[in-house]
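Undergrad: Pasting a predicted model and its sequence here:
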Amino acid sequence: MAQQLPQLNLPPLEKLRIETGADGVRRIFDPLRGKFVALTPEEWVRSHFTAWLTGTLGYPAALMANEVSLTLNGTARRCDTVLFTREGLHPRMIIEYKAPHIEITQKVFDQIARYNMVLRAPYLVVSNGLRHFCLSVDHTGGTARFLPDLPPYRAL
């Protein structure tokens, strides 16, 4: 029997594409990667969150990428989603997703902060689909502050 996925604190997906492969694994279509990926609780959050960014907040899908590789202290890592600038494709926002049952703790913020030591994006976002946090980072001053809401793309 298929696992029931939780309702999230995000708009429902209008164009939900889920399939079950011959191997019995359920997959969800990821429009940013252009392929079906295993439907895990984290992918459920990612699908809803990126749809909210592109559909409601006006983030251009063409400037977003999922599973962006980076090297941190000699170790390969992957950022869940990165929004790039139009000019030179520099990282503008890093987004880290957790499954809905995973609590957002300091450990999660430490993880995304480590990624940002390499990418130096001015915005960091963490979401488990139920709670969302956005930080504005001042790299020159070495400070970060929580924003009350995730800004629409035009306000970045």
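TA: Done, it's in.

Undergrad: Okay, the most centrally placed residue in the chain and residue 61: tell me how far apart.
TA: A centroid search over the chain (CA atoms, centre = their mean) returns residue 95, at 3.7 Å, as the residue closest to the centre. According to CB to CB, to the nearest Å, residue 95 stands 13 Å off from residue 61. Placement of C-beta: from N, CA and C, glycine included.

Undergrad: do the same with residue 131
TA: 24 Å.

Undergrad: same deal with residue 81?
TA: Distance from residue 81 to residue 61, by CB to CB: 11 Å.

Undergrad: where do the strands sit along this structure?
TA: 18-20, 26-30, 35-38, 64-72, 75-84, 91-97, 123-127, 132-138, 143-147 (DSSP state E).

Undergrad: Quick one: closest of these to residue 117.
TA: Of all those, strand 64-72 sits nearest to residue 117, with 7.1 Å by CB to CB.

Undergrad: Next, the angle strand 75-84 makes with the closest one.
TA: Put simply, strand 64-72 runs at 150 degrees to strand 75-84, going by axes from the mean of the first three to the mean of the last three CA atoms, to 10 degrees.

Undergrad: Give me the mean pLDDT for strand 64-72.
TA: Averaging pLDDT along strand 64-72 gives 91.

Undergrad: Could you check it and say which residues are buried?
TA: Within strand 64-72, the residues that qualify as buried are 64, 65, 66, 68, 70, counting by 16 or more other CB atoms under 10 Å.
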